[in-house]
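*Asks:* the sequence and its predicted three-dimensional model are supplied below.
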Amino acid sequence: MQQLEGKIAIVTGAARGMGAAHASKLADHGARVLLADVLDREGQAHADSLGQAARYTHLDVTSPDDWRAAVTLVTEAFGPPNVLVNNAGINSATKDLICDLSSEEFMRTIGVNLYGTFLGLKFAGQAMIRHGEGGSIINVSSVGGLHGAMGSAAYISSKWAVRGLSKTAAIEFGRAGVRVNTIFPGLIDTPMIADVLPEIKDRGYGALGRIGQPGEIASLVVFLASDESSFSTGAEFVADGGRTASYAPPGRHV
């Protein structure tokens, strides 16, 4: 029997990067997966590549109507969801300091990263609770949710907030058998960091001296989606190659 046989998952931000890797690895381990994104062409192509185990839907994570439709679609295609990977996220388009950062840019980032996670918890969590057979929700934060960073007020704020939201959901959903855990990836080789990738590769990153690959985070997603993590909820799983294991003084990069 495959590790995730009987699991029915929704993965947001699944068209590319980490989300695409999560969807692939969940399907590889026996889950049926609804890929959700706003990048429709890429998302549909990836779902098609996974065969009958996958479907695709357009999902703006800040839209309650889109979330309702996604839960309905996955239920009709495969059955009630029992896994949710809240992976969709953006970084601020600017590196403005707080005093220069526009309210609009701040709220745009908070909207996708925090409000989108909240809506996923609300609609998918409600479906899991009503179905009565438990489930696993995996919220993707960032190592940015463990420290501060100059010029990243919106992103850092959103990722810290996901921590608290996840723990609150774990408490509220626990008696229904729905587990909620948070992953804190370090720098992962995805389109989101393409502009800084050459510099990072030149100087090394973390204790392992390299950035991570999407599949390495996806393996953690599989564990948290599976019954092998059945006693883990409200927990935080850091996968950053040792980046947060030590403090790097100014001018030194670890």
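*Replies:* Yep, it's here.
*Asks:* helix or strand: which one has Leu35?
*Replies:* strand 32-37 (DSSP states H and E).
*Asks:* oh, I was asking about Ala88
*Replies:* Counting by DSSP H and E, Ala88 is found in no helix or strand.
*Asks:* picking that back up, mean confidence score for the strand holding Leu35?
*Replies:* Across strand 32-37, pLDDT averages out at 98.
*Asks:* ok, and what's touching it?
*Replies:* Residues from elsewhere that reach strand 32-37 (Cβ atoms under 8 Å, 6 or more residues apart in numbering): 7-15, 19-20, 23, 26-27, 43, 46-47, 50, 53-59, 61, 70, 73-74, 77-79, 81, 88. Glycine gets a C-beta too; all of them are placed from N, C-alpha and C.
*Asks:* beyond it, next helix or strand please.
*Replies:* Counting by DSSP H and E, the next helix or strand C-terminal to strand 32-37 is helix 40-49.
*Asks:* what is the helix or strand following that next one packed up against?
*Replies:* Using DSSP H and E, the helix or strand that follows helix 40-49 in sequence is strand 54-58. Under the contact definition 3 or more Cβ pairs under 8 Å, 6 or more residues apart in numbering; DSSP states H and E, strand 54-58 sits against strand 32-37, helix 40-49, helix 64-77.
*Asks:* which one of the ones you listed lies nearest to Gly132?
*Replies:* helix 64-77 (14.0 Å; Cβ to Cβ).
*Asks:* any stretches of this structure with poor pLDDT?
*Replies:* Scanning the chain for pLDDT under 70 picks out 1, 194-203, 247-254.
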